[in-house]
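*Asks:* model the structure of this input:
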Amino acid sequence: EDALGAVAKYVQDDGNDADMIHLSYIPYVPNLVVTKTDNANIVKLSTGIGSALGTTAYIISESGIQQLLQEDAEKGYYAAIPDIMALKFPESRVSSYPTPFLRAPKTKSLVNPQLDDLRSVLFQPWCVSQFQAVLTTTGQSTNTIFFTTIATLLVVSGVSLKGVFDAGYQLINYGHYDGNVFFPIINSALAIFCLGILALGSSLAPKPPEDPTEQSASPAVETASA
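*Replies:* So this is what the prediction gives:
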């Protein structure tokens, strides 16, 4: 209620120049930066290529609607609406913080069902809320956070594995380990945990789309063979 009330006041503010106000957005997209504003319940969304924030729940201004209609009249359909919004409103979107609505994690997609398994993990309410909080607190882009997270997992797993290998080397060559026995156990657990996260991410990553040229060519091949 507080979040929606803050949005209502923001919409009525004459100084508001936002084309869109997101009541829900997908934080796991490239080139997204979330920054704080003077209003504790409103954050600014800066987007770039590929920053499709979704259309779960949003408010769009009259000028924003006119821009989208003009784009469609001039160019026709050439991309999905979230991509057009990212293109037309790279610096004129804000969001309620925290977002009052979240996309259901187990709702199947009609557009790209190959991502359903990944969504079932990433769109858990606690996961979305925590990641949005990280974006808002740090002010860093999703690209930076993504690569920093991967680098951190790789470094931690590498250091942990080195500790395990050192302990194993001492046991094999000297018959004993000069250190606390809990350290190799902790290092093993850390290495398994970090590598497990990386493996899970790789397994749930979307598969590359099928080549549309092959799909369009197949009916012609069938016709020729017939």
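*Asks:* now the most centrally placed residue in the chain: how far from residue 128?
*Replies:* Residue closest to the mean C-alpha point of the chain, counted by Cα atoms, centre = their mean, is residue 28 at 0.6 Å. Distance of residue 28 to residue 128, given as Cβ to Cβ, to the nearest Å: 9 Å. C-beta here means a position set from N, CA and C on the backbone, and glycine is covered the same way.
*Asks:* and residue 164, by the same measure?
*Replies:* Look at residue 164 and residue 128: by Cβ to Cβ, they are 35 Å apart.
*Asks:* which parts of stretch 11-23 are buried?
*Replies:* Under the neighbour-count criterion of 16 or more other Cβ atoms under 10 Å, stretch 11-23 has 18, 19, 20, 21, 22, 23 buried.
*Asks:* cool, stretch 173-191 as well?
*Replies:* The neighbour-count check on stretch 173-191 (16+ other Cβ under 10 Å) flags 184, 187, 190, 191 as buried.
*Asks:* can I get the residues you listed in a markdown table with pLDDT and distance to residue 137?
*Replies:* Shown next, in a markdown table, are the buried residues of stretch 173-191 (pLDDT from 0 to 100; distance: Cβ to Cβ, whole Å):
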| residue | pLDDT | distance to residue 137 |
| --- | --- | --- |
| 184 | 81 | 35 |
| 187 | 84 | 30 |
| 190 | 85 | 25 |
| 191 | 87 | 29 |
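*Asks:* which parts of this protein are helices?
*Replies:* 2-12, 62-75, 81-88, 116-122, 125-138, 142-174, 182-204, 212-225 (DSSP state H).
*Asks:* to residue 43, which of those lies closest?
*Replies:* helix 125-138 (5.5 Å; Cβ to Cβ).
*Asks:* quick revisit: out of the helices of the chain, deepest packed?
*Replies:* Most buried of the helices of the chain, by mean neighbour count (mean count of other Cβ atoms under 10 Å): helix 81-88, with a mean of 18.
*Asks:* got the angle for it vs helix 62-75?
*Replies:* Angle, helix 81-88 to helix 62-75, by axes from the mean of the first three to the mean of the last three Cα atoms, to 10 degrees: 100 degrees.
*Asks:* give me the spatial nearest neighbour of residue 83, chain neighbours excluded.
*Replies:* residue 52 (5.2 Å; Cβ to Cβ, 6 or more residues apart in numbering).
*Asks:* same check, this time on residue 176
*Replies:* Per Cβ to Cβ, 6+ apart, closest to residue 176 is residue 170, 6.9 Å.
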